[in-house]
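Asks: Got a sequence here, can you model it:
(chains A and B)
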Amino acid sequence: MLKVEETYAPVEFSAALVSKFDEIVSRYPQGKQKSALLPILHLVQAEFGWVSVPAMDKVAEYLDLKDIEVYEVATFYSMYFLRPQGKYMLEVCRTGPCCLVGAEKIMDHIEEKLGVKEGEVTADGIFSWRGVECLAACGYGPVLQIGPEYTFYENLTNESVDKLIADLRTKAK
Amino acid sequence: MARKLLLEHIKVEGINTFDVYRKKGGYASVEKALKTMTPDAVVDEVKKSGLRGRGGAGFPTGMKWSFLAKPEGVARYLVCNADESEPGTFKDRYLMNYIPHLLIEGMIVSSFALGAKTSYIYVRGEMMPQIRILEKAIAEAKNAGFLGKNILGSGYDLELYVQPGAGAYICGEETALLESLEGKRGNPRIKPPFPAIAGLWGCPTVVNNVESIAAVVPIINEGGEEYAKIGVGRSTGTKLISAGGNVKNPGVYEIDLGLPVEEFLYSDEFCGGIANGKRLKAVVAGGSSVPILPANLFLKTINNEPRLMSYESLADGGFVSGTMLGSGGFIAFDEDQCIVRNTWNFTRFYHHESCGQCSPCREGTGWMEKVLHRMEYGHGKLSDLDLLVDVSKKIEGNTICPLGDAAAWPVASAIRHFRDEFEWHVTNASEAVTRNYGLAHYADPLQKLETAG
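Replies: Got it, this is the predicted structure:
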């Protein structure tokens, strides 16, 4: 297991990233730029892998919000990571319908295969995993998703999970 | 075989692109509405169709539209609720994934009817692939002159944007969704005022489910009266049902409302029966929030009449012996499934998803989860059953939004119909961690009702 700590290192937003922010803000009426907060936090997470306090402060500054307005949103929604994760976070649906078709066994298998508990990061920094609530793919369960693209993997079996992990490990190197 | 109004072309190669969709008759409803109809005439057709909200509540869409306030000089908004998160439901993902232009076409016609110049599709954040699909489709439609300024020379302008959520079931509740779209936590608002009066940024707003908006397309193409001919009674038209759990053929099916549940469950055209030759133990017919029913009460009403896939028939018997069509999230449980474990699982879900605003829901869902957890893991007491019912009753009706009810109903109904299984879990605790209670009598024929006189 890799010990990860949240850091308070300052972050910089690239010009390319800020131009994406600008485009999002243009979708709302004048003065309603706060609406851009959720999509912008997704972009920040895609860029940095998680949402740090300095990053949130910078978003607040960009959107002309109080810092707390960003913190309360980032802590409310479950998709935002408030600490660093493995490069690939395997999010397995753990809700009823997926459990009827074996999601719990898949999570056990992932835990064993990766050798880390839910929420931990593997020693090589490549993987984390966690159970998440219903992903609205109940007919294709068990399912998992991997951000920031949120690619979907359906009808999981131990074998398909093994292959996925092997492929990602190769890709990460 | 029934006609498909929404999914007719879903298997057509390239139907996700504008050109193919257009060749198959797509965007005809936009031409018809914008060139030959007034906005009020579109609203009238939707009223005549009898369309009811497909997100779960079943409120008549045309009526919801007619409540929209129209003060001079104030913007109005249409927001599509694509925050599909109800366990068991995955129809909107399917529709957006394979035939995104159907939703966009519906959004244009509906926005025109409501006089909205800017509309948003709020999609749950986990559906990033579908968000990308919709954004591409919107760009194509705009390129072809179906969005933007002066659409088809009609003088009507519309901009359409996709907004991602970020993982919160509560944002499927329409006022929580609006809060989220405003960049805030998804805390539902106290009503009134309803969104039709004060919604997005305080402006009059209509929030409709993906499937409701898609259904506007065939309603305008064929007329509301034609649409209303499909179905039974006040359940008009077709409905997308997401079939999951232990059915043989899981997937999304478009059915005529009024289809017998037995046919839906056992016919090869639909679910094809229970997987692996097992028997049916229980069904959640409309997403995890609706009452669970044992097999016998699901297939027949308490009066021994065959049940139909309609709002009224599924609700027959009220909460004593009936359930709800809800969002059409159909979950079948086979004989090997444990009702206690499933109830615990659902309760954990609601506890996790409670926004925390109202104490009965915030605290109550946590207590129910804890009590069910100890029951599932062999430490339950018989008095826990009454405790659970008591907690569920104290949540129900005592919260700002329906999440509290949605958390209470599955627990109350599971205990009502499967009480013996819960008791067995308590009295045979060590056995209950190694094996399940099984099918028991839940699939036995119903007793004929003794009626006086």
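Asks: quick one: the strands in chain A?
Replies: A:88-93, A:127-132, A:144-146, A:151-153 (DSSP state E).
Asks: Now the third one: buried residues?
Replies: Spelled out, it's strand A:144-146. A:Leu144, A:Gln145, A:Ile146 (16 or more other C-beta atoms under 10 Å in any protein chain shown). For every residue, glycine as well, the C-beta is placed using N, CA and C.
Asks: Ignoring the adjacent residues along the chain, who's closest to the first one?
Replies: Taking C-beta to C-beta, 6 or more residues apart in numbering or on different chains, and ignoring the residues beside it in sequence, A:Leu144 has A:Val92 as its nearest neighbour in space, at 4.5 Å.
Asks: Can you name the residues bridging to that neighbour?
Replies: In this entry, A:Val92 is beta-bridged to A:Gly131, A:Leu144, by DSSP bridges.
Asks: ok, now how distant is it from B:Gln130?
Replies: Distance of A:Val92 to B:Gln130, computed by C-beta to C-beta, to the nearest Å: 19 Å.
Asks: Settle it for me: which of the two has more neighbours?
Replies: B:Gln130 (28 against 25; other C-beta atoms under 10 Å in any protein chain shown).
Asks: hmm, back to that, adding distance to B:Phe264 and pLDDT, write the buried residues of strand A:144-146 out as CSV.
Replies: Formatted as CSV, these follow (distance: C-beta to C-beta, whole Å; pLDDT from 0 to 100):
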residue, distance to B:Phe264, pLDDT
A:Leu144, 29, 97
A:Gln145, 29, 97
A:Ile146, 34, 97
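Asks: which one among those gets closest to B:Lys11?
Replies: A:Gln145 (24.9 Å; C-beta to C-beta).
Asks: follow-up on the earlier one: next one: the residue nearest to A:Leu144 relative to chain B, how far apart?
Replies: 12 Å (C-beta to the nearest C-beta, to the nearest Å).
Asks: Contact partners for that residue?
Replies: By C-beta atoms under 8 Å, 6 or more residues apart in numbering or on different chains, the contact list for A:Val92 reads A:98, A:103, A:106-107, A:110, A:129-132, A:142-144, A:156.
Asks: Select the longest helix from chain A.
Replies: Using DSSP state H to define each element, chain A has its longest helix at helix A:158-172.
Asks: Does anything pack onto that one? Which helices or strands?
Replies: helix A:103-114 (3 or more C-beta pairs under 8 Å, 6 or more residues apart in numbering or on different chains; DSSP states H and E).
Asks: Quick one: the strands in chain B, in order.
Replies: B:77-82, B:118-123, B:159-164, B:205-209, B:231-232, B:235-236, B:238-245, B:251-256, B:259-260, B:280-284, B:293-294, B:308-309, B:329-334.
Asks: can you list those strands in CSV and add distance to chain A?
Replies: As requested, the strands of chain B are exported to CSV (distance: least, C-beta to the nearest C-beta, whole Å):
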stretch, distance to chain A
strand B:77-82, 10
strand B:118-123, 8
strand B:159-164, 4
strand B:205-209, 13
strand B:231-232, 24
strand B:235-236, 23
strand B:238-245, 4
strand B:251-256, 5
strand B:259-260, 18
strand B:280-284, 8
strand B:293-294, 15
strand B:308-309, 17
strand B:329-334, 5
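Asks: right, and the ones you listed - which one's nearest A:Leu63?
Replies: strand B:159-164 (15.1 Å).
Asks: Do me a favour and average the pLDDT over that closest one.
Replies: Averaging pLDDT along strand B:159-164 yields 98.
Asks: Provide the contact partners of it at residue level.
Replies: Counting by C-beta under 8 Å, 6+ apart, residues outside strand B:159-164 touching it are A:27, A:35, A:38-39, A:42, B:104, B:107-108, B:111, B:117-125, B:128, B:131, B:134-135, B:138, B:141, B:147-148, B:181.
Asks: For it, which strands pair with it and how are they oriented?
Replies: Checking strand B:159-164 against DSSP bridges gives partners strand B:118-123 (parallel).
Asks: gap between the partner strand and the chain center?
Replies: Strand B:118-123 sits 18 Å away from the centroid of its parent chain (C-alpha atoms, centre = their mean, to the nearest Å).
Asks: What of stretch A:14-31?
Replies: 22 Å.
Asks: and that stretch with chain B, contact?
Replies: Yes: with C-beta under 8 Å from any C-beta of the partner chain as the criterion, chain B is reached by stretch A:14-31 at A:Arg27, A:Pro29.
Asks: Can you give me the buried ones in that stretch?
Replies: Of the residues in stretch A:14-31, those buried (16+ other C-beta under 10 Å) are A:Leu17, A:Lys20, A:Phe21, A:Ile24, A:Val25, A:Arg27, A:Tyr28.
Asks: Tell me the one of those residues nearest chain B?
Replies: Ranked by distance to chain B (C-beta to the nearest C-beta), the buried residues of stretch A:14-31 are led by A:Arg27 at 4.4 Å.
Asks: Domain map for the chain?
Replies: Just so you know, I chose chain A. A:15-76, A:88-172 (automatic domain parsing).
Asks: um, chain B though
Replies: Split by automatic domain parsing, chain B gives B:18-229, B:241-334, B:339-432.
Asks: and the residue lying farthest from the centre of chain A, how far is that from chain B?
Replies: Centroid-distance maximum for chain A: A:Gln30 at 30.2 Å, with C-alpha atoms, centre = their mean. Going from A:Gln30 to chain B by C-beta to the nearest C-beta gives 11 Å.
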